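**Student:** all I have is the shape, not the residue letters:
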Ligand SMILES: [Zn+2]
Ligand SMILES: [Zn+2]
């Protein structure tokens, strides 16, 4: 093809975006250069700032450039109710239901011994510490309904078995084998409402 | 929503890309930050370089950061055969047919008196000068088959009527009212092969 080197670089770089194939990348590059240079400069700056400065919330591991993310900073939310998720994408999906007013803990993965992913990689020490401090009323385990997600939820429930905290799993409603982030808001809200306890009753 | 400011900026900035809605922008931003920071940095740099440095070829008005674009620099191409197009996107579409070995002239628009777009805005002086110098054997008018594209083609043909140059229009085959860039390569190659002269015979 007869693109100039800088244009070709731009097209190649745009392929880093998920869902962008060669044709889309060309269209995007030409659109920006022909019709929206200001948009290109703004996007360049936003990418650089975000890539350099966005780290994770010290409390919940959500993406954040500040010590605490906007959710953890929000006093109007119920900080005794923690929803445990596999990824920030899931957090967005739950937020968009508009029906959850607690806070989050983002594992950034799930237990996977075969890949060498253990409890420490998911920040579970940090989560358990928070529960052990007695400040948590309920932990909603909203890991994906996959084999690994279920195993991770059960591991967490097992570890906290003897502590004074409700541990719930989001209800079926989320299709088994599916990924949380692709579930519509209504189904997800339903799954939250129908959550059930994973903890054996202390009276059994 | 509960995005940190830098993440929200990035999502907003990604909306500058054609075809990217709010959901796609979120997915792209999270993908880059969670899984491909290097890709984000590279894209940032490519965008900046391209936005700052890509101008237009001094000969054909194609996008280029050099004085001449790769097509105009290419000695293996037929520089006596010039294809006149409305935009760089159309140039890519023609290049991808693989069947054209001439060079281009990119109008970056079409005549549109109502929008104040006249011959000088399309670089026509420059094109006519090149034809008048006698270095051009054939001019293929491949403007879009729209009212404005046709009018532009006819204006060019009219102006060069008395010069010793073949002036052709790409054949029907490109759907009337359609945009060149969305036509498949086969149709476009066919349209090139079936081009006809717009110039009245000197013998009439
Ligand atoms: Zn947080
Ligand atoms: Zn050129």
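**Tutor:** That came in fine, so what should we check first? Owing to the predicted nature of the structure, the values given are computational and were not obtained by experimental measurement. Ligands and ions are numbered 1, 2, ... in the order given.
**Student:** and the residue of chain A found nearest ligand 2, which of the three is it?
**Tutor:** With C-beta to the ion, the shortest gap between chain A and ligand 2 falls at residue A:2, namely 8.8 Å. For every residue, glycine as well, the C-beta is placed using N, CA and C. Secondary structure, DSSP: H, G, I helix; E, B strand; the rest coil: residue A:2 is coil.
**Student:** does it touch residue B:70 like I think?
**Tutor:** Yes. With contacts counted by C-beta atoms under 8 Å, residue A:2 reaches residue B:70, the gap being 4.7 Å.
**Student:** tell me how far the residue of chain A closest to ligand 2 lies from residue A:81.
**Tutor:** 59 Å (C-beta to C-beta, to the nearest Å).
**Student:** which residues touch the helix ranked longest in chain A?
**Tutor:** Taking DSSP state H as the criterion, chain A has its longest helix at helix A:37-53. The contact list for helix A:37-53 (C-beta atoms under 8 Å, 6 or more residues apart in numbering or on different chains) reads A:32-33, A:65, B:6-7, B:9-10, B:12-14, B:16-17, B:29, B:32-33, B:37, B:40-41, B:43-45, B:47-48, B:50-52.
**Student:** now do the buried residues in that helix.
**Tutor:** Within helix A:37-53, the residues that count as buried by 16 or more other C-beta atoms under 10 Å in any protein chain shown are A:39-51.
**Student:** out of these, who's nearest ligand 1?
**Tutor:** Of the buried residues of helix A:37-53, the one sitting nearest to ligand 1 (C-beta to the ion) turns out to be residue A:50, at 16.9 Å.
**Student:** got a pLDDT number for that closest one?
**Tutor:** Note on residue A:50: pLDDT of 97.
**Student:** what's the spacing between it and residue B:29?
**Tutor:** When distance is defined by C-beta to C-beta, residue A:50 is 7 Å away from residue B:29.
**Student:** what do you get for residue A:86?
**Tutor:** 18 Å.
**Student:** quick one: distance of the longest strand belonging to chain A to the chain centre.
**Tutor:** Counting residues, the longest strand found in chain A (DSSP state E) is strand A:78-85. How far strand A:78-85 lies from its chain's middle: 13 Å, per C-alpha atoms, centre = their mean, to the nearest Å.
**Student:** got it, and stretch A:13-28?
**Tutor:** Remark: stretch A:13-28 is offset 24 Å from the chain centroid, using C-alpha atoms, centre = their mean.
**Student:** what of stretch A:109-118?
**Tutor:** Centroid separation between stretch A:109-118 and its chain, computed with C-alpha atoms, centre = their mean, is 17 Å.
**Student:** list the contacts of that stretch.
**Tutor:** A:86-87, A:119, A:121-122, A:143-144, A:146, A:148-149, A:151-152, A:155.
**Student:** let's see 7 Å
**Tutor:** For stretch A:109-118, contacts defined as C-beta atoms under 7 Å, 6 or more residues apart in numbering or on different chains pick out A:86, A:119, A:121, A:122, A:143, A:148, A:149, A:151, A:152, A:155.
**Student:** from what I see, the fifth one and residue A:154 are in contact.
**Tutor:** No. Taking C-beta atoms under 7 Å as the contact criterion, residue A:143 and residue A:154 are not neighbours in contact, 9.6 Å apart.
**Student:** excluding its backbone neighbours, what's nearest residue A:138?
**Tutor:** Closest residue to residue A:138 apart from its sequence neighbours, by C-beta to C-beta, 6 or more residues apart in numbering or on different chains: residue A:166 at 4.1 Å.
**Student:** quick one: the helices in chain A?
**Tutor:** Going by DSSP H, chain A shows helices at A:5-14, A:22-35, A:37-53, A:70-73, A:88-97, A:124-132, A:147-159, A:185-193.
**Student:** between those, which one is closest to residue B:107.
**Tutor:** In terms of C-beta to C-beta, the element of the helices of chain A nearest to residue B:107 is helix A:22-35, at 12.4 Å.
**Student:** before we move on, the earlier item: which residues do residue A:50 and residue B:29 both contact?
**Tutor:** Any residue near both residue A:50 and residue B:29 by C-beta under 7 Å, 6+ apart counts here, and that gives B:7, B:10.
**Student:** that older thread, and residue A:143 and residue A:154? which has more neighbours close in?
**Tutor:** residue A:143 (27 against 15; other C-beta atoms under 10 Å in any protein chain shown).
**Student:** look at the closest residue to that one other than its chain neighbours and report its pLDDT.
**Tutor:** Of all residues not flanking residue A:143 in the chain, residue A:149 sits nearest, at 3.7 Å (C-beta to C-beta, 6+ apart). As predicted, residue A:149 sits at a pLDDT of 91.
**Student:** surely residue A:149 meets residue A:86?
**Tutor:** Yes. Between residue A:149 and residue A:86 there is a contact under C-beta under 7 Å: 6.4 Å.
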